[in-house]
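# quick one, structure for this:
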Amino acid sequence: MTSLFVKNMVCHRCIMVVQSQLDKLGVVAKSIVLGEVTLEEELTADKKALIGAAFKEVGFELIDDKNSRMIEKIKGVIIRLVHQENCAVKTNLSDLLSGELHYEYHSLSNLFSEVEGITIEKYFIAQKIERVKELLVYNELSLSEISDKLHYSSVAYLSSQFKKVTGLTPSHFKQIKENKRKPLDSL
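Just a heads-up that it's a prediction; the model follows:
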């Protein structure tokens with residue numbers, strides 16, 4: 001069994017694209033989750049290079065070094081938490097990351113800040129704000145409902161954080177026609 005670590009996998013569509021690329025190459029995946037592919041077979045260097053090239057064509061990248069793999073795992077946990085689980089966590093982010101990744105949060109935090117140039121908390125906030133933008137654009141939920149869904153302590157706190165990050169109030173953002181959301185892999 002072989003594990004491949006993949007950079008820029010940020011959503012369920014990414015998993016489908018990776019699966020499609022593997023299918024084209026005749027490679028059987030045992031499992032595919034954000035940032036990681038587990039294969040049934042051991043790979044030759046040539047086969048791994050083919051997979052890397054196929055992934056690169058669609059915007060992904062194989063990661064070989066330990067630090068980069070850990071960064072992608074941290075991002076994967078945060079993206080899943082914010083975009084798929086709507087921040088439905090019964091513990092704080094540091095405990096969640098430590099528990100899922102089996103490292104002390106202090107070590108994870110230092111590595112993330114050193115490699116990414118921002119703190120885990122700022123990355124988490126950026127992801128939450130992108131999720132707020134997405135929900136505002138869909139126009140299906142009120143700001144109060146979005147605040148509840150993403151576990152903000154209040155609408156005022158959500159609005160304050162939104163304005164601090166984007167420079168706009170949520171209502172002004174909603175009014176402008178060109179809602180410029182960032183791709184999740186560029187945060």
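
# for the protein, just list every one of the strands.
Ranges of strands in the chain, per DSSP state E, are 2-7, 29-33, 36-39, 61-63.

# neighbouring contacts of the third one?
What it means is strand 36-39. 1-6, 18, 22, 27-32, 73, 76 (C-beta atoms under 8 Å, 6 or more residues apart in numbering). Backbone N, C-alpha and C define where each C-beta goes, glycine included.

# next one: the longest one
Here strand 2-7 makes contact (C-beta under 8 Å, 6+ apart) with 18, 35-39, 41-43, 48, 51, 55, 60-64, 68-69, 72.

# list only buried entries from those.
18, 35-37, 39, 48, 51, 55, 60, 62-63, 69, 72 (16 or more other C-beta atoms under 10 Å).

# residues contacting the residue nearest the centre of the chain?
Taking C-alpha atoms, centre = their mean as the criterion, I79 is the residue nearest the geometric centre of the chain, at 3.2 Å. Contact analysis of I79 by C-beta under 8 Å, 6+ apart lists 10-11, 34, 127, 184.

# now do H12
So H12 contacts Q84 (C-beta under 8 Å, 6+ apart).

# returning to what we had before: nearest to Y138, out of the strands of the chain?
With C-beta to C-beta as the criterion, Y138 lies closest to strand 29-33 of the strands of the chain, at 25.6 Å.

# so which bits of the helix ranked longest in the chain are buried?
Ordering each helix of the chain by length in residues (DSSP state H) puts helix 120-138 first. Of the residues in helix 120-138, 120, 123-133, 135-136 count as buried by neighbour count, 16+ other C-beta under 10 Å.

# coming back round to it: ok, the residue nearest to the centre of the chain to A88 distance?
Using C-beta to C-beta, to the nearest Å, I79 is found at 14 Å from A88.

# how about S20?
From S20 to A88 the distance is 30 Å (C-beta to C-beta).

# equivalent analysis for M1, please.
From M1 to A88 the distance is 31 Å (C-beta to C-beta).

# which regions of the chain sit below the pLDDT cut-off?
86, 89-90, 177-187 (pLDDT under 70).

# going along the chain, name the helices of it.
So, for the chain - with DSSP H - the helices run 12-25, 45-57, 66-79, 93-101, 105-116, 120-138, 143-149, 155-166, 170-175.

# next, the angle helix 120-138 makes with the fifth one.
Using axes from the mean of the first three to the mean of the last three C-alpha atoms, to 10 degrees, the interaxial angle of helix 105-116 with respect to helix 120-138 works out to 70 degrees.
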